[in-house]
Every structure is written in structure tokens, then in C-alpha cells.
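> starting from these lines, generate the structure:
(one chain, ligands or ions: 2)
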Amino acid sequence: MAVYTDIAEDELKWFLTEYDAGQLLSYKGIAEGVENSNFLLHTSKAPLILTLYEKRVEKSDLPFFLGLMQHLSAGGLSCPLPLPRKDGALLGTLSGRPAALISFLEGMWLRKPEAKHCREVGKALAQMHVAGEGFALKRPNALSLKGWQTLWDKSESRADEVEPGLQNEIRSDLNFLQASWPKDLPDGIIHADLFPDNVFFLGDELSGLIDFYFACNDLLAYDVSICLNAWCFEKDGAYNITKGMQMLEGYQSVRPLRDEEIAALPTLSRGSALRFFLTRLYDWLTTPEGAMVTKKDPLEYLRKLRFHRQISSPAEYGLSL
Ligand SMILES: Nc1ncnc2c1ncn2[C@@H]1O[C@H](COP(=O)(O)OP(=O)(O)O)[C@@H](O)[C@H]1O
Ligand SMILES: N[C@@H](CCOP(=O)(O)O)C(=O)O
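Ligands and ions are numbered 1, 2, ... in the order given. From the prediction side, this is the model:
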């Protein structure tokens, strides 16, 4: 469960007086999520999400995230919108944390996505990449090569606790990726965490994207690789090429990938698998027992990383070359 910070009803009522949000009827903590504390609020006007920003979110990045939601929404993407306070600010403070009210997005995330859903996700990702064009603020990806090295430096000495031999294995991945990370591919705004729990559906129709708190400027094809990792593997660890094909076709129906992006997919996918392995490994080793959050399994991403290592052609992801 991700409610790191509790809120008192009186304080919340006081916080809401800064907004034109109606009277508070009820509120409850949302069990899902990893990064921030989220609450569902019912008011006399409309349901809202209250987010209290926690450890991995830099306060100085919040104008980027909140402004991005406004920019993407204005560009036609279905995503939540921050509710401005009466003074026009998008951010307030509650229980000592930066806090924002966000519009409630209808829909549910899919526990068992099928190939047809992967196609919709591919399309929505490309729509987001297109809608992100022209966004004035910039945010470098803190979880790219340099950030991976920092995470690894903090976890390396204990990595073999998770699986013997991991220290050497991951060190050689990092060396490989440092030496061969692609440059000069198209870049722009990426979501960087478009996992199933961040995509809502109403029936089979995609109703919107949430959770832009890892969004940043980076290679667009890197975002595609994140989605291949997050959506196209089965529970038993096998890559589902039909899902991959649908996702890539959906993406390319909106924004065709260039040849050099396609050629880079195995390296990008190896990098994105390593990225999620490293954050999960760090959390696995540092989250205290009994914390109100469900720890995610780093080994799931180790298996994906190993899969990408042995790819000999991007066609193996489901692309017709
Ligand atoms: N705008 C929204 N509309 C509806 N539900 C939301 C919205 N934002 C968050 N949620 C709910 O809160 C959960 C956690 O949100 P998320 O942004 O993924 O948190 P975190 O950043 O902590 O991982 C989501 O799975 C969803 O159930
Ligand atoms: N998607 C990441 C963790 C971040 O969780 P989210 O709830 O913010 O999507 C992972 O699976 O490791």
C-alpha cells in the first residue's frame, strides 16, 4: 500500500478551502502505487485525487509534472488535470508535504492485458510523444545511465544476497550499456513508467494515462522499450511476440519508428530492464519490513534483462523488417 503520509480531516478541510472544490464528503487512502501517497476524495462537486509527493519526487520537478499534464491534455491526450487553487497555484502543502489535487480519471487498469490492449497502449504512447512536442519545460532523465550507476553503487555490495553472482552480472551490463547507449535518436517528452497500472481502460477502450511523475526528456524509442518490458512478457517470464507486434504496430500507426530506433531496440530494452531492476533492487534492500508499500520483485526484471541480452535482431520483438 502506498500511503506514506497520513492526513487529518481538519487539515484536509482547511487545505480544500484554498480550492473551488466543493465540500468534503469523504476521503480514503489508495492502496495502489509505490512512489507517492494518494487519496480519493469525494466532494459536493466531483471526485478528485489528492497526491502528497514523497521521497523520490523532487519538489523542484513538480511544475514540470503538473504543467506537462496540462500541456498533454491540451494536445488531446486523455490524462488527469491538476486543479488550480483559488490563487492560481497548482501546488499546496498538506501534512508537511507538497500536495496537489488532480482530476479523477474514469477507468480501471488491466490485471491481464491482452494483445489488443497492447496495441491501444502503443498508440497512446505515440500520441503522448506527439502531444509532448512544444512543451516548454525540460527535465533530464534522472534514471538514465548516470542514475543507474548511482543506484548500483548503493546496492552492489548486497546484490548477491538477492541472487549469487549478480554483482558480476550487473556490472558487465552497466559496462556494456555505458559503452553502447545510442545517441542521436529522436528525443522528446517520455512517460518513462507506462506500466499496466498507469493505463486505464473502460471495457476494451483505453480511457487515459496517469502517473507522470517519472516523465522527462529522453529518447522516444526508450519509452517504447519500457512498454515492451512492462506489457509484453507473461507471468512465466516468456516474451509474447504477438503482444510485442501489436504494441509496435499500434505505436507506428501514429509515429513510425526510424530505422536507427528499430536497430537500437535491443540495447534500449536491455537498458530499461536494467533501470527497473535497479530501482526494485534498491527498494528491496532498503524498504523496512512492515512499511506500508508492496515491494516489487527485482528478479522479474533480471529475467527480462537476460532475455534482451540474447536478442540478435529487433525482428524478435515482433517487428516486420
Ligand atoms: N487521476 C486519477 N484518477 C483515478 N485514479 C487515480 C488517479 N491518479 C491515481 N489514481 C489511483 O491511485 C493509484 C496510484 O497512483 P499512481 O499515480 O500510480 O501512484 P504512484 O505515483 O505512487 O505510483 C492508481 O493505481 C489509481 O488507482
Ligand atoms: N513501475 C515501477 C514502479 C513505479 O510504480 P508506479 O506505481 O509509480 O507505476 C516498477 O514496476 O518497478
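> past the longest helix along the chain, which element shows up next along the chain?
Identified as the longest helix of the chain according to DSSP state H is helix 259-286. Counting by DSSP states H and E, the next helix or strand C-terminal to helix 259-286 is helix 298-309.
> let me see the mean pLDDT of that following helix.
Average pLDDT, helix 298-309: 97.
> within range of ligand 2, give me the residues from the stretch 201-321 of the chain.
Contacts of the stretch 201-321 of the chain with ligand 2, taken as C-beta under 6 Å from any ligand atom, map to 211, 276, 279, 280, 296. C-beta: built from backbone N, CA, C; applies to glycine.
> got a list of what the second one touches?
Contact analysis of residue 276 by C-beta atoms under 8 Å, 6 or more residues apart in numbering lists 226, 229, 301.
> do that again at 7 Å, thanks
229, 301 (C-beta atoms under 7 Å, 6 or more residues apart in numbering).
> next one: the first one
Residues near residue 211 by C-beta under 7 Å, 6+ apart: 193, 198.
> residues from the stretch 51-200 of the chain in reach of ligand 1?
Counting by C-beta under 6 Å from any ligand atom, the stretch 51-200 of the chain sits next to ligand 1 at 80, 102, 104, 105, 197, 198.
> could you dump these into TSV with distance to ligand 2 and neighbour count added?
Shown next, in TSV, are these (distance: C-beta to the nearest ligand atom, whole Å; neighbours: other C-beta atoms under 10 Å):
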residue	distance to ligand 2	neighbour count
80	14	24
102	14	20
104	17	14
105	14	16
197	5	16
198	5	19
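> element containing the residue of the chain found nearest ligand 1?
Ligand 1 sits closest to residue 33 of the chain, with a gap of 2.8 Å, by C-beta to the nearest ligand atom. Taking DSSP H and E as the definition, one finds residue 33 inside no helix or strand.
> gap between the closest residue to it other than its chain neighbours and residue 183?
Once flanking residues are discounted, residue 33 sits nearest to residue 2: 3.9 Å by C-beta to C-beta, 6 or more residues apart in numbering. Distance, residue 2 to residue 183, by C-beta to C-beta, to the nearest Å: 36 Å.
> out of the two, which sits in the busier spot?
Using other C-beta atoms under 10 Å as the criterion, residue 2 and residue 183 rank with residue 2 on top: 18 against 7.
> residues contacting the more buried one?
Residue 2 touches 32, 33, 34, 36, 37, 38, 293, counting by C-beta under 7 Å, 6+ apart.
> what does the pLDDT read for it?
71.
> what comes up buried for stretch 236-250?
For stretch 236-250, the buried set under the neighbour-count rule, 16 or more other C-beta atoms under 10 Å, comprises 239, 240, 243, 244, 245, 246, 247, 248, 249, 250.
> so where does the third one fall, helix or strand?
Here residue 243 sits within helix 241-254, counting by DSSP H and E.
> burial count for whatever residue of the stretch 101-250 of the chain ends up closest to ligand 2?
Closest contact between the stretch 101-250 of the chain and ligand 2, by C-beta to the nearest ligand atom, is at residue 195 (4.3 Å). For residue 195, the neighbour count with other C-beta under 10 Å is 18.
> list the contacts for it?
Residue 195 touches residue 230, counting by C-beta under 7 Å, 6+ apart.
> what's the answer for residue 244, then?
Residues near residue 244 by C-beta under 7 Å, 6+ apart: 228, 232, 317, 318.
> wasn't the first one part of a helix?
Yes. When classified by DSSP: H, G, I helix; E, B strand; the rest coil, residue 228 is found to be part of a helix.
> could you measure from it over to residue 267?
Residue 228 is 13 Å from residue 267, by C-beta to C-beta.
> ok so, going back, what mean pLDDT does the longest helix of the chain have?
Rounded mean pLDDT across helix 259-286 is 97.
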